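K.L.:
Just a sequence and a predicted model for now, questions to come.
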Amino acid sequence: MALKILKPGLSTSIQDLGRPGYFHLGIPISGAMDRFALRAANMLVGNPEDTAALEAVFMGPQIEFTEGAVVAVTGADLPMTLDGEPVAGWTSFAVKAGQTLGFGFLKAGARAYIAVSGGITTKLDLGSRSTYPIGSLGGVGGRAIAEGDLLPVGAGDLSTAGRSVAEELRRMPDTPAKLRVLPGLYWNRLTEAAGHGFFEDNWTVAAEADRMGYRFKGGRALEFVDREQPFGAGADPSNIVDGCYSYGSIQVPGGTEPIVLHRDAVSGGGYFTLGAIVSADMDLIGQLQPNTSVKFVKVDMEQALAARSDRKAMLQKIRDALR
Amino acid sequence: MKTRYTYGGDEHIYVEMDEEMSLDAFFKSLSMSNAVRDADIPGVTEICPANASFQVKFDPDVTAPDAMMARIKELESKADNADKRLSTRIIEIPVYYQDPWTHETVMRFRERHQDPTGTDLEYAARINGFDSVETFIEAHHAQPWFVSMVGFVAGLPFLYQLVERDKQLQVPKYLRPRTDTPKHTVGYGGCFSCIYSVRGAGGYQMFGITPMPIYDPEQKVSYLKDFMVFFKPGDIVKFKPVEREEYDRIVKAVEDGTYAPRIAEVDFDLEDFNADMAGTNAKLMEALDGA
């Protein structure tokens, strides 16, 4: 069984839950930006949740199936058709040999996850099939999929068609999107007024928003506590001696346009970070289109852990319903 | 030095040894990250030493953040008392300074630079008080460097020179980052040199290029067959200037699978170094010359 790529979409890549353990060498975890949606898609087609699937951003690919399989698409609301007939998202459906899956225009969200029973079985690099183009790891020879690719698929369970995730369990960002932030890291570099302003202001997703990081604009410039810059840090008040970056950490080069580092993050650098998006809300960033309105919401560790539990409980509900 | 502990969201603990860069801060960050690794704390998934700080990524469902923080803080006194000695290796890295490829890139991104009329090396030499590019290049390769961090992108080493504070070269990054940097460019930003492991964006000043690959995901390069990343924190590097002919010879030898980097096993003792920098460096380079 294989997926024949007739059209690749804008930037469609193979992703699983990533390759932890190499960040100290500059190799990021990668994997699905919206892990909730990837896990749900795999559950729908009867795969282990860390199975490799396709992550399509803004625009879907066109795929021909060389054999029968069960398919599910979760995440962004990207209308789709099987041989021209509409099929529903967050629902598993059977496909026959020779049928073609196509996509229409994006209605909501940013990234769709296309899982197929048996999963994509391209080469593992450092334990993962996730595509990391800068390091030429995973994917198809280290790159996103392209027209004419034939993606190998393993043997899967063909009895899982017709299953669906309840609407209230389809986790997507609110409007405006609320991203919870735990202040920390180099938060102490900001003046009190700047710290307040960051959470008061309305932000929008900038055009520079990809798997490495999401940039935001529209809020006030941040002011820094005066200091003589430490040796080795660089002259700008937003500079620090280069350190490791946390996933989800928010850097603000020059005090303007915050950048949230995501799954393909650079592992370190010389910009101060004011804290990090809580782990539970990283998935939501993967569903933000440019120009989306965003509020950053200040939380403490207790609230961050509660959000983490809530997300896990939602996933467990899907697991229980599909068992 | 004053250690500062903080959280990076609910999955990271970040420990800053000192706000400023020093070999003492680097050694302590390396000792502490080793102590965290040896402690084998349940839930730890990544330990990332950096120049003067380190970060631990963990699963808070396995060990709660406050418990993880307490465990890591306990390890600080152990790191303070640890020998500031390192069994490591010194590696000779050939560098073709003022090469045509980085020069082309230098000129292509001139409008993003502090000094659009000169080159990166002319600018760096001038602001560090050197009377010529040649004497600046000499200062860059005469004394060895510590790999104080590996990261940014896959396999990229940050290097800190083993010289007195007043002899450290300091150069700001580009005003706006470039969208392109040739693979294997030897760069400079702040007080750090680096080697770009892959082609891509970058903000460091560009001084030259090495013919020696340091990252190979396909693991075809003879000395990267065991692992795709060449450097690790604690490695010592000595740059060796080469001209075009030698550069071309090494590129060919790498392709033929016959190139073996010159490497010697060495011990580095921070107290010995602080007592006699020139003498310690001379011994390191002696070991390299004997390899």
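P.N.:
On my side now, so go ahead. Residues are numbered from 1 along each chain as shown, chains lettered A, B, ... in the order given.
K.L.:
Kindly report the residues of the stretch 101-250 of chain B close to chain A.
P.N.:
Residues of the stretch 101-250 of chain B lying near chain A by C-beta under 8 Å from any C-beta of the partner chain: B:149-156, B:158, B:165, B:168, B:170, B:172-173, B:189-192, B:197-198, B:200, B:215, B:217-218, B:229, B:232-233. Every C-beta, even on glycine, is put in place using the N, C-alpha and C of the backbone.
K.L.:
Could I have the buried ones of those residues as PyMOL selection syntax?
P.N.:
Command for PyMOL that selects the buried part of those, burial taken from 16 or more other C-beta atoms under 10 Å in any protein chain shown:
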select buried, chain B and resi 149+150+151+152+153+154+155+156+158+168+170+172+173+189+190+191+192+197+198+200+215+217+229+232+233
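K.L.:
can you give me the helices for chain A?
P.N.:
For chain A, helices defined by DSSP state H occupy the ranges A:35-44, A:192-200, A:282-285, A:301-322.
K.L.:
Out of those, which is the most enclosed?
P.N.:
Of all the helices of chain A, helix A:35-44 carries the top mean neighbour count, a mean of 27, counting by mean count of other C-beta atoms under 10 Å in any protein chain shown.
K.L.:
Check the offset of that helix from the chain's centre.
P.N.:
12 Å (C-alpha atoms, centre = their mean, to the nearest Å).
K.L.:
neighbours around A:Ser136, how many?
P.N.:
19 (other C-beta atoms under 10 Å in any protein chain shown).
K.L.:
mind listing what it touches?
P.N.:
By C-beta atoms under 8 Å, 6 or more residues apart in numbering or on different chains, A:Ser136 lies in contact with A:142-143, B:198, B:217-218.
K.L.:
ok but B:Ala139 is inside a helix, no?
P.N.:
Yes. The assignment for B:Ala139 is a helix, going by DSSP: H, G, I helix; E, B strand; the rest coil.
K.L.:
Would you reformat the helices of chain A as TSV and include mean pLDDT and distance to chain B?
P.N.:
Putting the helices of chain A into TSV (pLDDT from 0 to 100; distance: least, C-beta to the nearest C-beta, whole Å) gives the following:
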stretch	mean pLDDT	distance to chain B
helix A:35-44	98	13
helix A:192-200	97	15
helix A:282-285	98	9
helix A:301-322	98	4
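K.L.:
and of the contacts of A:Ser136, the nearest to A:Pro8?
P.N.:
Closest approach between these and A:Pro8, by C-beta to C-beta: A:Arg143, at 10.2 Å.
K.L.:
Without its sequence neighbours, what residue ends up closest to that closest one?
P.N.:
A:Pro133 (5.7 Å; C-beta to C-beta, 6 or more residues apart in numbering or on different chains).
K.L.:
What score does the one you found have for pLDDT?
P.N.:
Looking at A:Pro133, its pLDDT reads 96.
K.L.:
Would you mind confirming that it is in contact with A:Ile145?
P.N.:
No. Contact criterion C-beta atoms under 8 Å: A:Pro133 and A:Ile145 do not qualify, at 11.6 Å.
K.L.:
Neighbour count for these two, which is higher?
P.N.:
More neighbours surround A:Ile145 than the other of A:Pro133 and A:Ile145, with 25 against 18 (other C-beta under 10 Å).
K.L.:
From A:Pro8, how far out is that one?
P.N.:
Relative to A:Pro8, A:Ile145 is positioned 5 Å away (C-beta to C-beta, to the nearest Å).
K.L.:
again with B:Val242
P.N.:
To A:Pro8, B:Val242 is 42 Å away according to C-beta to C-beta.
K.L.:
try B:Ile263
P.N.:
Distance from B:Ile263 to A:Pro8, counting by C-beta to C-beta: 43 Å.
K.L.:
can you check B:Ala70 too?
P.N.:
As judged by C-beta to C-beta, B:Ala70 and A:Pro8 stand 49 Å apart.
K.L.:
Who has more neighbours out of these two?
P.N.:
Set B:Ala70 next to A:Pro8 and count neighbours by other C-beta under 10 Å: A:Pro8 wins out with 21 against 11.
K.L.:
Am I right that the more buried one is in contact with A:Gly148?
P.N.:
No. Counting by C-beta under 8 Å, A:Gly148 is not a contact partner of A:Pro8; they are 9.1 Å apart.
K.L.:
mind listing what the residue in the stretch 51-200 of chain A that chain B sits nearest to touches?
P.N.:
Chain B sits closest to A:Gly135 of the stretch 51-200 of chain A, with a gap of 3.7 Å, by C-beta to the nearest C-beta. By C-beta under 8 Å, 6+ apart, the contact set of A:Gly135 is A:26-27, A:142, B:153-155, B:198, B:215, B:217.
K.L.:
of all those, which comes closest to B:Glu11?
P.N.:
A:Ile27 (17.5 Å).
K.L.:
From B:Thr179, how far out is that closest one?
P.N.:
Taken as C-beta to C-beta, the span from A:Ile27 to B:Thr179 is 22 Å.
K.L.:
out of those two, which sits in the more crowded spot?
P.N.:
Taking other C-beta under 10 Å, A:Ile27 and B:Thr179 do not tie; A:Ile27 has more neighbours (28 against 11).
K.L.:
I figured the more buried one hits B:Phe152, correct?
P.N.:
No. Assessed by C-beta under 8 Å, A:Ile27 is found out of contact with B:Phe152, at 10.9 Å.
K.L.:
Now do the shared contacts for these two.
P.N.:
Shared contacts of A:Ile27 and B:Phe152 (C-beta under 8 Å, 6+ apart): A:Ser267.
K.L.:
List, one by one, the residues from the stretch 51-200 of chain A near chain B.
P.N.:
By C-beta under 8 Å from any C-beta, the part of the stretch 51-200 of chain A that sits against chain B consists of A:125, A:132, A:134-137, A:142, A:182, A:184-185, A:187.
K.L.:
Now with 7 Å, please.
P.N.:
A:125, A:134-137, A:142, A:182, A:184-185 (C-beta under 7 Å from any C-beta of the partner chain).
K.L.:
Closest to A:Val116 out of these?
P.N.:
A:Asp125 (20.6 Å).
K.L.:
What about the closest one, how many residues nearby?
P.N.:
As a burial measure, A:Asp125 scores 22 neighbours (other C-beta under 10 Å).
K.L.:
residues contacting the residue lying closest to it once chain neighbours are set aside?
P.N.:
Leaving aside its sequence neighbours, A:Asp125 sits nearest to A:Leu137 (C-beta to C-beta, 6+ apart; 4.2 Å). Contact analysis of A:Leu137 by C-beta atoms under 7 Å, 6 or more residues apart in numbering or on different chains lists A:125-126, B:217.
K.L.:
The helix or strand where B:Ser33 lies and chain A, are they touching?
P.N.:
Using DSSP states H and E, B:Ser33 maps to helix B:23-39. No. Between helix B:23-39 and chain A, judged by C-beta under 7 Å from any C-beta, nothing touches; the nearest distance is 8.1 Å.
K.L.:
Follow the chain on from that helix and name the next helix or strand.
P.N.:
Using DSSP H and E, the helix or strand that follows helix B:23-39 in sequence is strand B:44-49.
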